[in-house]
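S.K.: Generate coordinates for the sequence data below:
(one chain, ligands or ions: 1)
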Amino acid sequence: MENTLFEKTGAAAEFIAEWSELRPQIGIVLGSGLGAVAGQLKNATAIPFAEIPYFPQSTVPGHSGRLVIGTIQTVPVAVMQGRVHAYEGYSSDEVTFPVRVLGRLGVRRLVLTNAAGGINPALRQGQLVLIADHINLSGRNPVAGQQEEQFGPRFFDMSEAYSARLRRLAQEAGRSAKFELAEGVYISVLGPSFETPAEIRAFRAMGADLVGMSTVQETIAARQMGIEVLGISCVTNMAAGIGKEPLSHEEVIETGRAVERQLAGLLDRLVPLMGG
Ligand code: HPA
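M.R.: Numbering: from 1, shown residues only. Coordinates of the predicted model:
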């Protein structure tokens, strides 16, 4: 029987390794409305989250809840189609469980995608933005509390949480796909209510360009394990008080759906640059 997080993630990784013969070193997490990218994989096998030992289940519409293992341009990848969020009531250990499992499977580079609200008025709805850095306002940290040294040190450097090398490669992939990638600072909140205009003004003053309800805990867990992280936000809406319309989850999903082909095109070019 597995008791520790290290043992549980090990059991999940073993289960996945038995399911597929591919040994991906690149992991991809698909955010709200962005799940169709998984359909582009070749030689794909899909494992429902429910089948994987100890895996958390997403309760949010727009998140389908499968781990798809396959290839992009012959490079093996492990793609999380859907994720779980702290606002669903999940603990930090649960939110970051899949990323830790990917790490134990051998993933060394991780692409975290998400839907985000645009705070910087220079951004526009439907734009893809590389995360240059983050501000963790979620009140959570996956490394707080339990101390399982097998995952990495308790105190570790976060001065380049989002790899400059991977951002350069993404910019190169973006240029070859003929679209421009902005870069910005992502601030994470717990949610699930959207922000007030006063909160967004405060976040702007703090230096944030984007706001969202995911990603930072996964980044922290990945960095503890020494995994290189690339973050890509899709601006699904302008943040509260920046645009004129009231915000809705439907709009988030709709914009995500409109942009997912662009994201797929980017990943098609980026993954070979990132290597196997
Ligand atoms: N705020 C927080 N999270 C989000 C938003 C937003 O405006 N859009 C998509 N995810």
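S.K.: Report the contact partners of the residue of the stretch 1-150 of the chain found nearest the ligand.
M.R.: In the stretch 1-150 of the chain, the residue that lies nearest the ligand is Gly117 (2.3 Å; C-beta to the nearest ligand atom). To be clear about C-beta, it is placed using only N, CA and C from the backbone, and glycine gets the same treatment. By C-beta atoms under 8 Å, 6 or more residues apart in numbering, Gly117 lies in contact with 194-195, 200, 210-212, 235-240, 242, 247.
S.K.: so what's Ser20 up against?
M.R.: By C-beta under 8 Å, 6+ apart, Ser20 lies in contact with 45, 47, 69.
S.K.: hmm, back to that, so the residue of the stretch 1-150 of the chain closest to the ligand bridges to which residues?
M.R.: Taking DSSP bridges as the rule, Gly117 bridges to Val211, Asn237.
S.K.: Turn the contacts of Gly117 into TSV, including neighbour count and distance to the ligand.
M.R.: Below are the contacts of Gly117 laid out as TSV (neighbours: other C-beta atoms under 10 Å; distance: C-beta to the nearest ligand atom, whole Å):
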residue	neighbour count	distance to the ligand
Phe194	19	5
Glu195	20	6
Ile200	22	8
Leu210	29	8
Val211	27	5
Gly212	28	4
Val235	26	8
Thr236	29	5
Asn237	24	5
Met238	20	8
Ala239	29	5
Ala240	20	6
Ile242	18	9
Leu247	17	5
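S.K.: Sort out which one of those lies nearest Ser92 for me.
M.R.: Gly212 (16.4 Å; C-beta to C-beta).
S.K.: per-residue confidence for Val211?
M.R.: The confidence metric pLDDT takes the value 98 at Val211.
S.K.: next one: phi and psi at the nearest residue to Phe156 once chain neighbours are set aside?
M.R.: Excluding its sequence neighbours, the residue lying closest to Phe156 (C-beta to C-beta, 6 or more residues apart in numbering) is Gln224, at 5.7 Å. Torsion angles at Gln224 (phi, psi; degrees, to the nearest 10) stand at phi -60, psi -30.
S.K.: neighbours of Gln224, just the number please.
M.R.: By other C-beta atoms under 10 Å, the residues close to Gln224 number 22.
S.K.: just Thr255 next, same as before
M.R.: Neighbour tally, Thr255, other C-beta under 10 Å: 21.
S.K.: which SSE is it in?
M.R.: Under the criterion of DSSP states H and E, Thr255 resides in helix 249-274.
S.K.: what does stretch 238-250 rub up against?
M.R.: By C-beta under 8 Å, 6+ apart, stretch 238-250 touches 61-62, 117-119, 121, 123-125, 194-201, 203, 211, 237, 251.
S.K.: Which of these are buried? Put it as a ChimeraX command.
M.R.: The following ChimeraX line selects those of the contacts of stretch 238-250 that are buried, judged by 16 or more other C-beta atoms under 10 Å:
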select :62,117,118,119,123,125,194,195,199,200,201,203,211,237,251
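S.K.: just checking, which of the contacts of stretch 238-250 belong to strands?
M.R.: Those of those mapping onto strands are 117-118, 211, 237, per DSSP state E.
S.K.: which pair in those spans the largest distance?
M.R.: The span of those, defined through C-beta to C-beta, is set by Val211 and Asn237 at 10.1 Å.
S.K.: Show me where the stretch 151-276 of the chain has its helices.
M.R.: Here the stretch 151-276 of the chain has its helices, by DSSP state H, counting those that start in this stretch, at 164-176, 197-206, 216-224, 249-274.
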